[in-house]
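# Take a look and give me a structure for this.
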Amino acid sequence: MQMRFPLEERRGLRRGAQRLFLVWLFSAANLCVTLCAPPREPTAALTPTQARAYAEVLKLRVPAARALLRTEGPTSTGTMLVADCLEMVEILISQDAKGYSAMLEAQDQRLKTLEKAPQSPLRDYSTAEIRLHQAVLQVVFEHEVQGAWNLRQAYQQMQSVAKRYPNFLPARKSLGMLEFAIGSLPEGYRWFLRLLGLSGSVDSGLQHLRAAAQRPHDFQMESQLLLALVEETYYRRSIETTQLVTRLAAQQPDNLLLTFLVISQNKKLHRTDRALAAFRARPTGPSYLPVAYLHHMAADLLLYQGQFAASERENLRFLQLYRGQHYRKAAAFKLYLAALLDDKQSAADHYRQQIAAGGRTIVEEDTYAQRFFEEKSPLHPILTRARLQLDGGYYQEALATLKTFSVTNKTSLRDQLEAPYRRARAYHGLTQLDSARYFYTRTIALSKEQAPYYFVPQAALQLGYLYQSAGQTELARKYFRQALQYPKHEYKNSTDMKAKVALAELD
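Numbering: from 1, shown residues only. Model prediction:
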């Protein structure tokens, strides 16, 4: 019988563990860099063919990688490691549960074979990596107890490898990522770490990552990329990370993973035109692994531009290709928005019902969509259009849209809070910071300490950032702490994480 945690504890474990894994894959697209980077030392190297195969995996050129591996010994350590990376990339990008059991069996067989191999840095590292891959799969496909146990084993094994081979930089890179991810988990998810006897340190994790990124070795580029993505996610160094991935993608125009990162990073920076240009210029064809999530991102970008029919086509393409359960509710919600703003009420009603038809509520996008469905509160079309323009970086256009909105005695609390918040974001994007501070403060004041929506905690968070940048430390602390006080809003996990990281930087 499959052992299960109670529902809320399972959600906590899954969300916490997916902070280690799923976010890397879908928000930053760097899971294969994080978990699969093979070691290469004078005493423990991949063969040239295995190294070429791994390079093809990083480009998401799976057929080419598989063809190269067929020419190598199937039970050699390097072949098994690269093959495991290849299959992990396939199943995690597709989210196809049909391959789950076969993948676990293949991993068990590889681990048994590695037990009989001569001890070496590569053998020991591969054992820890494949065990970590199992933990990823089991958590993603909702076998949390086994996943937690394998995470514990993999973490301890990786610690042992790094201690036994201190100059083995790939192990320090993987250990650093694990230490950082575990150390940065919100307090609400620490219970399962205590249960497993695991501890992590942000400082120690960064130290390992920086050593791997700064010291020359064959996989220094991957280490630099991973470090940049970590610093971008937690320390808001988006511009530097975007510059790095753009430079690397220009050097490897046939690398779909790097193109994915260029699109993702520019989308985060609200550079819609650049992100769409990268999407349209991406390498395509049967030699590449289909990445359904690319179409979901493109649908967002087109929605920001007001290209509603094109956005609808891309999200429908995403749902057609995708085999997983995450982002389905979010896609249905974006389809609803495209139809609503395109004055297609019948289609909008259909897509709204699709929000509840399937998918999970682990990812915050899905949680937001489900909450919208359950509340049955209509979205104001003017505020919704302004929100999309802001997400796309079209700040002047958003201000022009917001000028057409006015509050009446029938205006809902949600709309009363959203209007000044959207104005604040527009002025913030235009670097008119006095106006931004005014409207963020007004958003908080209007809430009267009632914050059932994310606008108020987000306003507090953004005020914290503004005062932090201005060197007004005490005011920054005040607003970061205030951002943590609001319960059960749509983006509480990410808002709390950002506020806690910012407070740690101030201490």
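# show me where the stretch 51-200 of the chain has helices.
Along the stretch 51-200 of the chain, the segments classed as helices by DSSP state H, counting those that start in this stretch run 62-69, 77-94, 100-116, 121-140, 144-164, 169-183, 190-196.
# Give me the distance between the last one and the centre of its chain.
Between the centre of helix 190-196 and the centre of its chain there are 22 Å (Cα atoms, centre = their mean, to the nearest Å).
# Point out the other elements, helices or strands, that that helix touches.
helix 7-20, helix 144-164 (3 or more Cβ pairs under 8 Å, 6 or more residues apart in numbering; DSSP states H and E). Quick note: C-beta positions are derived from backbone N, CA and C, even for glycine.
# By mean pLDDT, show me the worst of these.
Looking over those, mean pLDDT reaches its minimum on helix 7-20, with a mean of 46.
# where does A228 sit relative to E115, distance-wise?
Distance of A228 to E115, computed by Cβ to Cβ, to the nearest Å: 36 Å.
# ditto for A460
For A460 relative to E115 (Cβ to Cβ), the value is 53 Å.
# picking that back up, A228 and E115: who's more crowded?
More crowded of A228 and E115, by other Cβ atoms under 10 Å: A228, with 25 against 9.
# residue contacts, the more buried one?
A228 makes contact with 237, 240-241, 244-245, according to Cβ atoms under 8 Å, 6 or more residues apart in numbering.
# Just name the closest of those residues to L301, please.
L301 lies nearest to V245 out of the contacts of A228, by Cβ to Cβ, at 16.9 Å.
# ok, that closest one - how many residues close by?
When neighbours are defined as other Cβ under 10 Å, V245 has 27 of them.
# before we move on, back to that, lowest-confidence one in the contacts of A228?
pLDDT across those is at its lowest for R237, which sits at 86.
# residues in contact with the nearest residue to that one once chain neighbours are set aside?
Spatial nearest neighbour of R237, excluding adjacent residues (Cβ to Cβ, 6 or more residues apart in numbering): E231 at 4.6 Å. Counting by Cβ under 8 Å, 6+ apart, E231 makes contact with 237, 240-241.
# now the residues you listed in JSON lines, with secondary structure, distance to Y288 and neighbour count?
What follows is these, written out as JSON lines (DSSP: H, G, I helix; E, B strand; the rest coil; distance: Cβ to Cβ, whole Å; neighbours: other Cβ atoms under 10 Å):
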{"residue": "R237", "secondary structure": "coil", "distance to Y288": "29", "neighbour count": "15"}
{"residue": "E240", "secondary structure": "helix", "distance to Y288": "28", "neighbour count": "11"}
{"residue": "T241", "secondary structure": "helix", "distance to Y288": "23", "neighbour count": "25"}
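# what does the model give the spatially closest residue to P286 that is not a sequence neighbour for pLDDT?
Once flanking residues are discounted, P286 sits nearest to P63: 7.5 Å by Cβ to Cβ, 6+ apart. Note on P63: pLDDT of 97.
# P63 contacts E90, correct?
No - P63 sits out of contact with E90 when judged by Cβ atoms under 8 Å, with a separation of 10.9 Å.
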